[in-house]
Every structure is written in structure tokens, then in C-alpha cells.
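S.K.: Model the following, please.
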Amino acid sequence: MGEGWVLEQPDYDPEIVSGTWMIHRADYLAYAYTSELKARYKDQEVLQYLLIDGAFKGAVLGHWRIGPHDVDDVVVELPKKKRGLRRAEILKAVRRVYSGENHEVVCYDGDELTYP
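M.R.: Numbers count the residues shown, from 1 in each chain. This next block holds a predicted model:
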């Protein structure tokens, strides 16, 4: 196959990759996992994916429109206890893009969010 590069598997340090990022469906990182992600979220309208601790473990669901649109649900594939503990962190990542008068996050993990 010719010359190339091989990525050596580094020692895993959860402190380095710990965090939540929202990744657009067309981003190269998400694009590399298109088949897996489409199978995982089959029959759901995915707006963006959630990269949690260095792996795709969630999705932001809703119906995309040219104008204002809401996030119907934030689906997270973590154990139930961790979903609750990391709720604020995950919602903060989603609200970096989906916030203000044009967007509202309606549900998190299937539970309707209430706003003061």
C-alpha cells in the first residue's frame, strides 16, 4: 500500500478527553462514522451528534428548518445515573448553538424541560 502513517494507541487518560461537544452531521469526524450513526439513530431526525468523552454517545433531535426551529430531544447513551449527573454539561454544549429566541431545547433524555 505504500508509505503512510500509523497512529500509536496512546495511554488513555480520561482527563484529556473528558467533555461534551456537539458535532455537525457533515463534519469529517461524524462523516467517518456515518453508517454506524445512521443505524443507531434510524428513523429519527438528527440535527447534530454528541461527542462525549471522545466517543459518539448521543444525538440532538429535531426538524431542521431554514427559520427558527426547536430541539425536540437530546438523546444521551450513558448509564442513567451519568445522564443525570452530566445533564448541565451536555445541555450547555447543545445551547452553544441552539439558544435564544430562535431555538428552544424541549426535552432532555425524553423528559420535558421547564424554564423559569
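S.K.: which residues of this protein fall in helices?
M.R.: Using DSSP state H, the helices of the chain run over 14-17, 28-31, 34-40, 80-85, 87-95.
S.K.: Return the most buried member of those.
M.R.: helix 87-95 (a mean of 17; mean count of other Cβ atoms under 10 Å). Placement of C-beta: from N, CA and C, glycine included.
S.K.: Give the other helices and strands that it contacts.
M.R.: The contact analysis (3 or more Cβ pairs under 8 Å, 6 or more residues apart in numbering; DSSP states H and E) places helix 87-95 against strand 20-24, strand 46-52, strand 73-76, strand 107-108.
S.K.: Can you check what pLDDT the model gives the closest residue to Val97 other than its chain neighbours?
M.R.: In this structure, Val97 finds its nearest non-sequential neighbour in Met22, 6.3 Å apart by Cβ to Cβ, 6 or more residues apart in numbering. If you check Met22, the pLDDT there is 95.
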